[in-house]
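Novice: Using only what follows, build the 3D model:
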Amino acid sequence: KVYLLDIKQEALDAGLARIEGYIKKGVVRGKINPKAAKAIQAALVTTQNMADLADCDYVLEAASENLSIKRQILRQLEDVVKPGCLIGFATSGIPRSQIAAEAKYPARCFVNHPFFPAWRAKPIEVVLSGDEVLGERMLSTLQLLGKVPIVTEDVPCFAADDIFVNYCAEAARIVADGVATPAQVDAIVNKAIGGGGPFNVMDLTKGNLLNIHCLELLRGADHGTEFFDPPPSFATQANTPWHDRKNPGDPTHDEALAQTVLDRMLAVVMARTYFVVEKGVCDPSDLNWLTRHALGFKKGLLDIAEKIGVEELERMTKAFAEKNPGFFVPKQFTDKSLVSFFRNVTIERDEETAIVMVRRPEAMNALSDLTMEELKSAFMELDQDKTVKGIILTGFDGALAGADITELAVLKTPKAAEEKSLRSYKLLDLMSEMRKPIVAALNGPVLGGGSEISMGCHARVVGPRLMLGQPEVNLGIIPGFGGTQRLPRLIG
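Specialist: Next comes the predicted model:
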């Protein structure tokens, strides 16, 4: 059962109707099996009685951004649910330590910060409690629900919203200063880095008042300065949209205005991004993925920063700091040395075992050229690491869905296709020749190139959700990563 609890029946009715609308669309579009749709609808139970949650294994509180109300709900909840029930708090900025300060069982309390639209967006920020067992349960539960958990430190606004609310605040200041209109700012920013523009997003999320709340949290933090004072226009605008849809503003602008707006916007966005990195709030690889998929930018913000170049980043942020007291200029900019990291591959260590994971959940962990290069680098690094005795290769949620079709589609000649295959052989040869055993841990779609990568491992362990195959033969393509040779050798 999935319980929906609210103090107002009309809110429950509206929420249920919205969910049923999503389910209906999913069935019509072929995304949801009709039988599964019926099962989902049958599992939903609306209630105004918290006692109905007594047997729940996980409860997500999403009632308010008010700390006292969150604590009150937590007290009532802990009187009802069993001690082993995990409790998540959907908050854009209130630290977990403050919410759980009076909890009976604080170890089972976590921040679970979803992103708009929450029902569809994969990323979710998680602040752990420090209990390793319960933390693993929390992450596994969110993954089971189709989310991609991104762990952050327990600081105000965590990772993404530190960047986002400052991005919105600078946009509001630009308009208040008479430099540009909301339509111009959105057009300029969206062309440069994507994401639709700050004012469009604020209108979609009705985020003006929430921005005030988050900026006040940042102002009161250990690193808080006057820079985080909320622009007065957020309060004036309140829930009124910035854009009049019937009378949209004119987005036209010249290059000089675009440069002026971008100098300010990018200075703030990049400075806050690298603040998060330098303070250890979020792993750089996680943050890069998060800023693309939670905030909707064209690429991860660390990728965009590298494209801009560290000299330009230093120029923009130093110029901005001269006019804005309390503004943070990242040390990496002044040192002219940006952090290096893997984009699509993560490495974790469990005593003498290294766990190499392909993380491209938005593409079922498809093996792009960059991913293959990062796997090669990871294995070479671990082969030289004397503390590592063995390696586990896996994909996020157990899947390795093969070569990246978008890259295959742009191959112009047979020679280009041949060269792509030959590049993959270097990785597979490295894996098979390594002195340390590599075991593939698989539990999902493992297809095409993903299947062939697993053949290059010394052993394979699979779960009940495994779907293994070489479907490319249905497209008239032979397995290109050596599967025609490795598979017969493995199965006889």
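
Novice: and the closest residue to Asp131 other than its chain neighbours, helix, strand or coil?
Specialist: Using CB to CB, 6 or more residues apart in numbering and skipping the chain neighbours, the partner closest in space to Asp131 is Ala107 (3.9 Å). In this view, the C-beta of every residue, glycine as well, is placed from N, C-alpha and C. When classified by DSSP: H, G, I helix; E, B strand; the rest coil, Ala107 comes out as helix.

Novice: Now do the contacts for Ala107.
Specialist: Shown in contact with Ala107 (CB atoms under 8 Å, 6 or more residues apart in numbering): Ser129, Gly130, Asp131, Leu134.

Novice: okay if I get these as CSV plus pLDDT, neighbour count and distance to Asp404?
Specialist: Below are the contacts of Ala107 laid out as CSV (pLDDT from 0 to 100; neighbours: other CB atoms under 10 Å; distance: CB to CB, whole Å):
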residue, pLDDT, neighbour count, distance to Asp404
Ser129, 98, 23, 37
Gly130, 97, 10, 38
Asp131, 97, 16, 38
Leu134, 98, 18, 36
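
Novice: from these, which is closest to Met265?
Specialist: Ser129 (35.9 Å; CB to CB).

Novice: ok, that closest one touching Cys109?
Specialist: Yes - assessed by CB atoms under 8 Å, Ser129 is found in contact with Cys109 at 6.0 Å.

Novice: Can you work out which residues contact both of the two?
Specialist: Common neighbours of Ser129 and Cys109 (CB under 8 Å, 6+ apart) are Arg96, Ala100.

Novice: got the phi/psi numbers for Gly146?
Specialist: For Gly146, the backbone dihedrals (degrees, to the nearest 10) come out as phi 90, psi 10.

Novice: Tell me where the stretch 201-350 of the chain has strands.
Specialist: Along the stretch 201-350 of the chain, the segments classed as strands by DSSP state E, counting those that start in this stretch run 345-350.

Novice: Strands along the stretch 1-150 of the chain, start to end?
Specialist: 2-5, 44-47, 58-61, 86-89, 109-114, 123-127, 148-151.

Novice: from those, which stretch is densest packed?
Specialist: strand 109-114 (a mean of 25; mean count of other CB atoms under 10 Å).

Novice: Could you pull up the mean pLDDT of that strand?
Specialist: What strand 109-114 shows for mean pLDDT is 98.

Novice: Let me see the contact set for the residue nearest to the spatial centre of the chain.
Specialist: Against the mean C-alpha coordinate of the chain, by CA atoms, centre = their mean, the closest residue is Leu290 at 3.2 Å. Going by CB under 8 Å, 6+ apart, Leu290 touches Pro123, Glu125, Ile150, Ala159, Ala160, Cys282, Gly300.

Novice: possible to save the strands of the stretch 1-150 of the chain as CSV with distance to Gly195?
Specialist: Formatted as CSV, the strands of the stretch 1-150 of the chain follow (distance: least, CB to CB, whole Å):
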stretch, distance to Gly195
strand 2-5, 31
strand 44-47, 33
strand 58-61, 26
strand 86-89, 26
strand 109-114, 18
strand 123-127, 14
strand 148-151, 18
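
Novice: helix, strand or coil for Ala441?
Specialist: strand.

Novice: that older thread, farthest-apart pair in the contacts of Leu290, please.
Specialist: Top of the distance list for these (CB to CB): Glu125 and Gly300, 15.2 Å.

Novice: in the stretch 51-200 of the chain, which segments are predicted with low confidence?
Specialist: Under the criterion pLDDT under 70, no range of the stretch 51-200 of the chain is flagged.
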